[in-house]
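>>> Sequence first, then the predicted structure, then my questions.
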Amino acid sequence: MNQDSKPMFTIFYNLERDRNANNEREHNLICPRCNEEKNELLSIPCGHNICHHCYSRYRADQSGYRCPLCVSQEKAEPLQLVSVDESGQLDLQESVLYRCFLHERILEYPVYLISVIGERRTGKSFLLNYLMKALHSQETFEKFSLGAEDEILEGFPWKPGTEKVTNGIWIWSKPFILERNGQKVAVFLLDTEGSMDMEGERKANIKMCMLTLILSSHLVFNVNSNINETDMDYLEIYCYGMDNEKLQNLKSFDFLIRNWHDPEKCTEDDAVYYLNREIEKTKNKYKNCKFLNIVDQGSIKCFLMPHPGSAITSKETGRLKDMNKEFHDNFRTYLSGVVDRILQSIGSASDQYTFTCSEMLQMMMVCMNDM
């Protein structure tokens with residue numbers, strides 16, 4: 001017999017061994033969520049089968065169990081986190097809170113929450129939608145990008161005009177995970193109706209911005225044309241009753257001036273000069289300015305943005321190619337700087353005051369109870 005050929009009984013033995021192994025695997029089921037072998041899986045209403053451990057871990061929402069597999073397959077979208085009821089009281093949507101922050105992959109990640117406040121119809125959602133494009137390019141380790149020139153803008157609801165689109169506080173359902181030196185952070189985006197809306201519930205709008213100020217890592221005050229006395233008055237109201245400890249999470253505060261009158265004077269030096277002048281005015285008006293006392297002045301910056309052009313304001317596409325060049329260049333520079341500040345904050349000394357996703361969930365609930 002050829003020495004290289006195997007005896008027939010060896011082949012039969014190998015086949016029988018494989019059959020036994022397959023039979024054993026049939027009794028040890030694989031949980032599709034944790035990929036571990038289990039003796040038993042639970043069948044849940046959506047049709048998925050998962051193990052007891054995964055079932056109990058994700059049964060956080062008291063209004064009903066949400067399958068972790070279904071959650072992982074959900075499309076990212078804007079969700080209303082805080083609404084205003086008929087009596088003007090704020091209402092926290094706990095199911096949205098759980099969906100956004102209570103996910104195994106990010107539970108212990110530090111949160112970097114970027115919020116935009118300001119008058120209605122001044123481009124807050126427009127800004128956040130382009131920030132999402134910038135964050136997506138960094139999350140996927142690509143070159144910094146705001147998308148294709150002819151790409152239609154999507155994300156938070158927005159459109160040019162005077163009618164408000166959002167109502168209350170909205171959050172993008174999935175965070176952007178950014179990494180630096182092996183450390184990761186979960187970046188969430190918040191969009192608010194705006195506290196200067198005198199047509200709505202004034203008290204509720206002020207509470208929304210107070211809540212945003214406390215929770216934010218980076219707050220953008222979106223201002224049209226210039227910083228006026230009313231803007232600073234509202235900041236004083238937001239900070240009433242607060243102290244430095246409540247704002248320890250706040251790392252950056254931006255005055256973003258939209259539709260700046262002189263597109264030739266939108267440089268960093270121009271913005272610094274303008275901000276210093278407005279701060280001096282505020283100090284003269286408020287001898288003990290609460291806003292300047294509790295917000296680290298080193299974190300306050302100003303950015304001047306020229307008008308985007310009629311092609312942007314008259315259409316609902318929001319495409320890069322429709323922007324005026326001066327606006328396009330300044331807008332890109334600003335968003336690139338926002339991303340850089342996020343990356344620089346990862347692992348920095350200020351990180352000791354940063355909430356994890358699980359802590360942020362609890363913090364929001366505590367803040368809402370105090371409002």
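Nice, I can see it. Values in this document were obtained by computation on a predicted structure and should not be read as measured data. Numbers count the residues shown, from 1 in each chain.
>>> Kindly give the local confidence score, pLDDT, for I300.
At I300 the predicted local confidence, pLDDT, stands at 94.
>>> show me the contacts for it.
For I300, the contacting residues are 253-255, 275, 279, by Cβ atoms under 8 Å, 6 or more residues apart in numbering. In short, each C-beta sits where N, CA and C put it, glycine included.
>>> Distance check, it against Y55.
According to Cβ to Cβ, to the nearest Å, I300 and Y55 sit 47 Å apart.
>>> that older thread, now, the contacts of I300 that are in strands?
253-255 (DSSP state E).
>>> farthest-separated two in the contacts of I300?
Within those, D254 and I279 form the most distant pair, 14.1 Å apart (Cβ to Cβ).
>>> what about the stretch 101-250 of the chain, any weak spots by pLDDT?
121, 158-166, 194-200 (pLDDT under 70).
>>> and what of the stretch 251-371 of the chain?
For the stretch 251-371 of the chain, counting by pLDDT under 70, the residues that fall below are 349-353.
>>> one more time with 50, if that's ok
For the stretch 251-371 of the chain, applying pLDDT under 50 flags no range at all.
>>> Just give me the closest of the ones in strands among the contacts of I300 to G88.
F253 (27.1 Å).
>>> For the closest one, name its beta-bridge partners.
L219, I300 (DSSP bridges).
>>> Tell me which residues touch it, please.
218-219, 221, 295, 299-301 are the contacts of F253 under Cβ under 8 Å, 6+ apart.
>>> Give the burial count for E316, as a bare number.
11 (other Cβ atoms under 10 Å).
>>> Distance-wise, check it relative to T192.
21 Å.
>>> before we move on, the earlier item: out of the contacts of F253, who has the most neighbours?
The most crowded member of these, judged by other Cβ under 10 Å, is L219 (25 neighbours).
>>> so what's that one up against?
114-117, 212-213, 250, 252-254.
>>> Reformat the residues you listed as JSON lines; add distance to N228.
As requested, the contacts of L219 are exported to JSON lines (distance: Cβ to Cβ, whole Å):
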{"residue": "I114", "distance to N228": "24"}
{"residue": "S115", "distance to N228": "21"}
{"residue": "V116", "distance to N228": "18"}
{"residue": "I117", "distance to N228": "15"}
{"residue": "T212", "distance to N228": "20"}
{"residue": "L213", "distance to N228": "19"}
{"residue": "L250", "distance to N228": "23"}
{"residue": "S252", "distance to N228": "22"}
{"residue": "F253", "distance to N228": "17"}
{"residue": "D254", "distance to N228": "17"}
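>>> And those, which is closest to V82?
For those, the residue nearest V82 by Cβ to Cβ is T212; the value is 9.2 Å.
>>> nearest residue to that closest one other than its sequence neighbours?
S115 (4.6 Å; Cβ to Cβ, 6 or more residues apart in numbering).
>>> more crowded one of D254 and I279?
Ranked by neighbour count (other Cβ under 10 Å), D254 and I279 place D254 first, with 22 against 19.
>>> which residues touch that one?
Per Cβ under 8 Å, 6+ apart, neighbours of D254: 218-221, 300-303, 338.
>>> could the residues you listed be laid out in a markdown table, adding distance to K174?
As requested, the contacts of D254 are exported to a markdown table (distance: Cβ to Cβ, whole Å):
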| residue | distance to K174 |
| --- | --- |
| H218 | 18 |
| L219 | 21 |
| V220 | 20 |
| F221 | 25 |
| I300 | 30 |
| K301 | 28 |
| C302 | 31 |
| F303 | 27 |
| V338 | 19 |
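>>> ok, of those, which one's closest to H328?
Nearest member of the contacts of D254 to H328, counting by Cβ to Cβ, is F303, at 14.4 Å.
>>> still on that earlier bit, among the contacts of L219, which are located in strands?
Going by DSSP E, the strands hold 114-117, 252-254 from those.
>>> Of those residues, just say which sits nearest to V84.
Distances from V84 to the ones in strands among the contacts of L219, taken by Cβ to Cβ, are shortest for I117, at 15.2 Å.
>>> ok, what's across the strand from that closest one?
I117 forms beta bridges with F221, as assigned by DSSP bridges.
>>> Does it touch H218 like I think?
No - I117 is not in contact with H218 according to Cβ atoms under 8 Å; the separation is 11.8 Å.
>>> Check whether V111 sits in a helix, strand or coil.
Here V111 is recorded as strand under DSSP: H, G, I helix; E, B strand; the rest coil.
>>> Where does the residue nearest to it when sequence neighbours are not counted sit, in terms of helix or strand?
For V111, ignoring the flanking residues on the chain, the nearest one in space by Cβ to Cβ, 6+ apart is M360 at 4.6 Å. Using DSSP states H and E, M360 sits within helix 357-370.
>>> elements contacting that helix?
strand 90-92, helix 94-101, strand 111-118, helix 202-215 (3 or more Cβ pairs under 8 Å, 6 or more residues apart in numbering; DSSP states H and E).
>>> what comes up buried for it?
Neighbour-count burial for helix 357-370 flags 357-358, 360-361, 363-364, 367-368 (criterion: 16 or more other Cβ atoms under 10 Å).
>>> Tell me how many other residues surround N244.
Neighbour tally, N244, other Cβ under 10 Å: 11.
>>> try the one 3 residues further on
For L247, the tally of surrounding residues (other Cβ under 10 Å) stands at 20.
>>> same deal with C54?
Using other Cβ under 10 Å, C54 is surrounded by 22 other residues.
>>> excluding its backbone neighbours, what's nearest it?
Nearest one to C54, counting by Cβ to Cβ, 6+ apart, is R33 at 4.3 Å.
>>> How about Y286?
Closest to Y286 by Cβ to Cβ, 6+ apart is E236, at 6.5 Å.
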